[in-house]
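Q: pasting a predicted model and its sequence here:
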Amino acid sequence: MIEINGVQFEPHPEIGVLPYNPKLVNYRTDYEKIVLDIKNKRYGRLLFNKEVGVDEFSAEEEDQMRWLGAEEKKNPGYLEACVFRKLIATDLWFLLYFIVKPFLDENGRRKVNHPFVVQACNELQKGPKDNTLDLWAREHYKSSILTIAETIQYQLKNPECSTGILSYVAPKSKKFLFSIRSIFESQKILYTTYPDVVWENPKSEAPLWSIDEGIILRRRSTRQEPSIGAYGLTEGMPTGFHFERRIYDDIVTEDIGESVDVMETIKKKFDSSQNLGKEGGHHRVIGTYYHHSDPLTYIRDKVDPKSDPERPKTLYYIRFKPATDDGTREGKPVLISQERLDFLKTTATFNCQQLLNPTPEEEQKLNPDYFQPIGPEFIPREVIKFLLVDQAGDAGSNKTKVSDAWAAGVLGVEPVADEIGQSRVFLMDLWISIAGESEAIDQIVRMYVDGGVIARLGVEKVGISTTHLHIAKALKAKGRFVEFDEADNGVSSGVLLRPAGRHKKKFIEGALAWPLNNGKLYYSTRIKPKYIERLKQEMANHPRWNDDGLNMMAYLYDVIKEYRFLKPETEFERMQARMNQQRQDYNPLTFSHGRA
């Protein structure tokens, strides 16, 4: 066992050391060897990884060893400072374990010296630095590694640059800055290794050393941004500042996960905050899901504008680290103890906070895997078509003004029912989008005209909305005549769809769960993939996400409830029909037994 900066260390048995003893997970440095080499003044090994008396040294290398030996004699500890300076700059786990020290006791120390944490640090150092989204389970050191340790490392290596930490509100981000400031004040190893960057007595020497306004390390520039500052997205966002590095941590909390309005505000503020960056800079987003439509899912689903529209790529590089090895409740813990994991399973937030999945598959009422694709050429020609419209902003849904979406779909119903009265339904055209009324009407008219013979056009009636009348007028201009009857006598070609006080979740599940889960719902492969993916996402995330497309489809079963579709004949029914026909055809005067 060795000790560095007052922290004891012994190698974890499941972690190797490159290049000497490689395993599945490896330390970047042989810390025991480093400490021994410093003690024995092995300059060749420390500087060039060469053995004196075994390997050949160039004249320049020998000069460097002599110079380092002379400096060590003049300033004992200089050699150690040089070695640790290099480790701090190149080994994120070394900085986390020996300097940040995110633990209070022996159990915590052992947890940081764990394959999961070591591997996470290695991945961060090897992976991209910009446009990264780290979704990790809670209690897995994501903030300690990314927001605190990596920020310290970055500023030590780039003292002229600036880092902005942004959270939902400023008090959240200031907690991170408080930890960083405390480390610079208490860990004297940072001053001894980086005297050109770190103040010896920052409280009295630094021009700015404040949680509210930020902290300034030693630097040549007089720029207005602090070396590290902490800000809020919804309050306290700076103006006029431009950071080389931005860290977004805690932009979603449990409290705001219950407010769609606040989450939508944070999405807008996140986009606005991109103007705090600068060309050549980079940013990371860190967090844990609280809701299926929270800002992290919004960021996760952003598409790279340079990618192929037919095969879009996500804008962010995503690292996904749930608490179990397979991301399920029954999986093995990757870091916390089994006892701790079992306790967390009893909490209501386990799926979100530990599995990073607010709606696990086993709890899904609407499984998107059962939504079957079908080529348009295989859809029966005799289907009865209905065009249904879910307006934006209907009462009782999960939608808000800033995220309202319209949903319109052409659904074909096979006019044949099974033994319990269910028909196959084919989604033949689909459009789901946030749009104004005029754009939505244009889309609806297009779908009506392209859809061929539409038996009925159903439009959701929202309050005193007159959208259905505008649609009828637009169709009339195209030579299509649709009449809406407020009483809905079942005769008019237009029908008003009404929630009728029904609970949205129960209405959707009651209409769609059985046909979906029993193979009755299909979608045409001709529909644009982005709309099908949106609809499948609604299914997977129901009832905690938007439900525009689902609500539109659920209304189909209101519209067709008065229809009586034929049932296919069973073999017994066909046999009975033949016998009945034979009895009707029987004539005793002409009946013959087949004898001459």
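A: All right, it came through fine.

Q: residue ranges in the stretch 201-350 of the chain under the pLDDT threshold?
A: 257-258, 292-293 (pLDDT under 70).

Q: got the residue ranges for the strands in it?
A: Along the stretch 201-350 of the chain, counting by DSSP state E, counting those that start in this stretch, strands occupy 209-210, 214-215, 228-232, 245-249, 282-287, 317-321.

Q: so can I have TSV of the ones you listed showing distance to residue 335 and mean neighbour count?
A: For glycine as for every other residue, the C-beta is placed from the backbone atoms N, C-alpha and C. Below are the strands of the stretch 201-350 of the chain laid out as TSV (distance: least, C-beta to C-beta, whole Å; neighbours: other C-beta atoms under 10 Å):
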stretch	distance to residue 335	mean neighbour count
strand 209-210	34	17
strand 214-215	31	24
strand 228-232	27	25
strand 245-249	19	24
strand 282-287	16	22
strand 317-321	9	15
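
Q: Serialize those strands to TSV and add fields for distance to residue 96.
A: Shown next, in TSV, are the strands of the stretch 201-350 of the chain (distance: least, C-beta to C-beta, whole Å):
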stretch	distance to residue 96
strand 209-210	23
strand 214-215	20
strand 228-232	17
strand 245-249	15
strand 282-287	15
strand 317-321	16
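
Q: what's the closest of the ones you listed to residue 301?
A: Nearest to residue 301, of all the strands of the stretch 201-350 of the chain, is strand 317-321, at 10.4 Å by C-beta to C-beta.

Q: tell me what the closest one is packed against?
A: Packing partners of strand 317-321 (3 or more C-beta pairs under 8 Å, 6 or more residues apart in numbering; DSSP states H and E): strand 132-136.

Q: list of residues touching the strand it packs on?
A: Here strand 132-136 makes contact (C-beta atoms under 8 Å, 6 or more residues apart in numbering) with 142, 146, 284-289, 296, 299-300, 316-321, 356.

Q: quick one, it and strand 317-321 angle?
A: Relative orientation of strand 132-136 and strand 317-321, computed by axes from the mean of the first three to the mean of the last three C-alpha atoms, to 10 degrees: 10 degrees.

Q: who does strand 132-136 pair up with?
A: Partners of strand 132-136 in the sheet, by DSSP bridges, are strand 282-287 (parallel), strand 317-321 (parallel).

Q: beyond it, next helix or strand please.
A: The helix or strand immediately downstream of strand 132-136 is helix 142, counting by DSSP states H and E.

Q: tell me the angle the helix or strand following that following helix makes with strand 282-287.
A: Sequence order places helix 150-157 as the next helix or strand after helix 142, per DSSP H and E. Interaxial angle, helix 150-157 versus strand 282-287 (the same axes, to 10 degrees): 160 degrees.

Q: what is helix 150-157 packed up against?
A: helix 78-90, helix 92-95, strand 163-167, helix 170-186, strand 245-249.

Q: please work out which of those is packed deepest.
A: strand 163-167 (a mean of 27; mean count of other C-beta atoms under 10 Å).

Q: that one: partners in the sheet, and parallel or antiparallel?
A: Looking at strand 163-167 with DSSP bridges, its partner strands are strand 228-232 (parallel), strand 245-249 (parallel).

Q: just put these in TSV and tack on distance to residue 271.
A: Listed next are these as TSV, based on distance: least, C-beta to C-beta, whole Å:
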stretch	distance to residue 271
strand 228-232	15
strand 245-249	12
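
Q: how about the ones you listed, which one is nearest residue 273?
A: Closest among those, using C-beta to C-beta: strand 245-249, at 7.5 Å.

Q: can I get the helices and strands packed on helix 150-157 in CSV with distance to residue 255?
A: Output for those, formatted as CSV (distance: least, C-beta to C-beta, whole Å):
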stretch, distance to residue 255
helix 78-90, 37
helix 92-95, 31
strand 163-167, 13
helix 170-186, 11
strand 245-249, 16
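
Q: and residue 527, what does it touch?
A: Residue 527 touches 427, 428, 429, 430, counting by C-beta under 8 Å, 6+ apart.

Q: picking that back up, any idea which of the helices and strands packed on helix 150-157 gets closest to residue 12?
A: Residue 12 lies closest to helix 92-95 among these, at 11.2 Å (C-beta to C-beta).

Q: check the offset of that closest one from the chain's centre.
A: In terms of C-alpha atoms, centre = their mean, to the nearest Å, the centre of helix 92-95 is set 27 Å apart from its chain centre.

Q: now stretch 172-183
A: In this view, stretch 172-183 has its centroid 26 Å away from the chain centroid, taken as C-alpha atoms, centre = their mean.

Q: picking up where we left off before, which one of the strands paired with strand 132-136 lies nearest to residue 201?
A: Closest of the strands paired with strand 132-136 to residue 201 is strand 282-287, at 31.3 Å (criterion: C-beta to C-beta).

Q: residues in contact with the closest one?
A: Here strand 282-287 has contacts from 129-136, 142-143, 146-147, 244-252, 274, 277, 296, 299, 316, using C-beta under 8 Å, 6+ apart.
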